[in-house]
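>>> sharing a model that was predicted from the sequence below.
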Amino acid sequence: MITTFCANISASGSQSWTALSDSTEDTIRVATRKNTDPGQPSGVILTAVSTSWLPFSHQRVFELLADEQQRCQLEILSTGGSLHEVAHIANGSHPRNCISLLRINAASNSSQNVELLLQESSTHPDGGSLVVFATVDVDAIQVTMSGEDPSYISLLPLGFAIFPAPNPLPAATSANSGNGKSSRSGHTDEPASGCLLTVGMQVLASAVPSAKLNLSSVTAINSHVCNAIHQITTALKGTGASRAESPHAGSD
């Protein structure tokens with residue numbers, strides 16, 4: 001899933017991206033492609049990507065997104081239900097380098113209404129991290145477990161890439177810290193710890209490869225990406241350690 005996700009959100013020359021805003025900050029870009037290959041749904045696939053700087057450490061953001069207990073705060077991934085890990089496959093020495101099969105426990109869940117989420121996560125202490133998801137059905141899992149070729153199972157992964165990054169505007173942070181001195185005076189504050197968070201989402205806009213893109217699909221995925229960033233930021237600010245990592249902590 002990670003390989004497919006990275007290929008579909010990359011800025012390669014084979015994809016033409018369109019910005020949905022003229023702003024240089026938190027701009028969401030979209031691209032479309034027509035797919036007929038196995039492994040992903042056939043039709044017109046709409047992809048949206050946005051990168052934002054967050055005043056939180058890269059590992060803290062990764063833990064929020066990778067841990068199923070913490071992630072219950074994010075309705076974008078759990079649809080309001082709790083998550084239970086039913087299978088875990090290690091994929092490296094780090095405990096978070098793994099593939100997990102999660103069951104979404106909705107309040108009205110029944111044996112005929114089982115929602116499953118496949119998660120693949122990868123992290124490096126000094127590098128970046130990736131958390132990628134895709135919804136799957138029970139039949140697809142049974143095909144995989146029976147030893148049949150899983151390459152024909154249609155997956156449309158969404159996910160997050162997190163990379164360590166200091167405050168991109170340390171000068172502005174120092175100048176606004178309340179001391180009234182310019183950040184160029186030689187007594188600058190250290191840049192706040194932070195990270196770059198890239199959100200990538202994909203939807204099947206039409207099951208007909210020759211169909212034209214509907215504007216409502218663009219509006220919907222734009223709203224979904226914005227909601228994701230808002231929910232993640234809100235969840236991180238709600239934890240006790242958030243103030244310690246804030247660029248304005250201790251400036252009072």
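Thanks, I have it. Numbers count the residues shown, from 1 in each chain.

>>> how about stretch 42-49: buried residues?
The neighbour-count check on stretch 42-49 (16 or more other Cβ atoms under 10 Å) flags Gly43, Val44, Ile45, Leu46, Thr47, Ala48, Val49 as buried. All C-beta spots, glycine's among them, are computed from the backbone N, C-alpha and C.

>>> OK, contacts around the residue nearest the centre of the chain?
With distances taken as Cα atoms, centre = their mean, the residue of the chain nearest its centroid is Phe160 (2.6 Å). Phe160 is in contact with Val61, Leu65, Leu130, Val131, Val132, Leu197, Thr198, Val199, Gly200, counting by Cβ atoms under 8 Å, 6 or more residues apart in numbering.

>>> for the residues you listed, which one is nearest Gly39?
Set against Gly39, the nearest of those by Cβ to Cβ is Val132 (14.1 Å).

>>> mind checking the SS state of the closest one?
Classification of Val132 using DSSP: H, G, I helix; E, B strand; the rest coil returns strand.

>>> now the buried residues of stretch 42-49 as a markdown table including pLDDT, distance to Ser21 and secondary structure?
Formatted as a markdown table, these follow (pLDDT from 0 to 100; distance: Cβ to Cβ, whole Å; DSSP: H, G, I helix; E, B strand; the rest coil):
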| residue | pLDDT | distance to Ser21 | secondary structure |
| --- | --- | --- | --- |
| Gly43 | 93 | 27 | strand |
| Val44 | 93 | 23 | strand |
| Ile45 | 94 | 22 | strand |
| Leu46 | 94 | 17 | strand |
| Thr47 | 94 | 17 | strand |
| Ala48 | 95 | 12 | strand |
| Val49 | 95 | 13 | strand |
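
>>> and the strands in the stretch 1-150 of the chain?
For the stretch 1-150 of the chain, the strands defined by DSSP state E, counting those that start in this stretch cover 18-19, 28-35, 43-54, 82-90, 98-105, 115-123, 129-136.

>>> which of those strands sits closest to Ala220?
Comparing the strands of the stretch 1-150 of the chain by Cβ to Cβ, strand 43-54 comes nearest, at 9.0 Å.

>>> and Ser50, how many neighbours does it have?
21 (other Cβ atoms under 10 Å).

>>> bridging residues for it?
Ile28, Val199 (DSSP bridges).

>>> dump the residue contacts of it.
Counted by Cβ under 8 Å, 6+ apart, Ser50 has contacts Asp26, Thr27, Ile28, Arg29, Thr198, Val199, Val225, Ile229.

>>> shaky segments in the stretch 51-200 of the chain?
Regions of the stretch 51-200 of the chain meeting the criterion pLDDT under 70 cover residues 76-81, 106-114, 168-192.

>>> what about the helices in it?
For the stretch 51-200 of the chain, the helices defined by DSSP state H, counting those that start in this stretch cover 58-66, 75-78, 138-145, 170-175.

>>> just how off-centre is the longest one within its chain?
Relative to the centre of its chain, helix 58-66 is centred 10 Å away, using Cα atoms, centre = their mean, to the nearest Å.

>>> buried residues in stretch 123-138?
Thr123, Gly128, Ser129, Leu130, Val131, Val132, Phe133, Ala134, Val136.

>>> contact partners for the last one?
Think Val136. For Val136, counting by Cβ under 8 Å, 6+ apart, the contacting residues are Leu101, Leu116, Leu117, Leu118, Ile153, Leu155.

>>> change it to 6 Å
Residues near Val136 by Cβ atoms under 6 Å, 6 or more residues apart in numbering: Leu116, Leu118.

>>> how far away is it from Ser154?
Separation of Val136 from Ser154 (Cβ to Cβ, to the nearest Å): 9 Å.

>>> that older thread, tell me which of the strands of the stretch 1-150 of the chain sits nearest to Cys72.
The closest of the strands of the stretch 1-150 of the chain to Cys72 is strand 82-90. By Cβ to Cβ, the value is 5.6 Å.

>>> wait, what's in contact with His88?
With the criterion set at Cβ under 6 Å, 6+ apart, His88 makes contact with Cys98, Ser100.

>>> many thanks, we can stop here.
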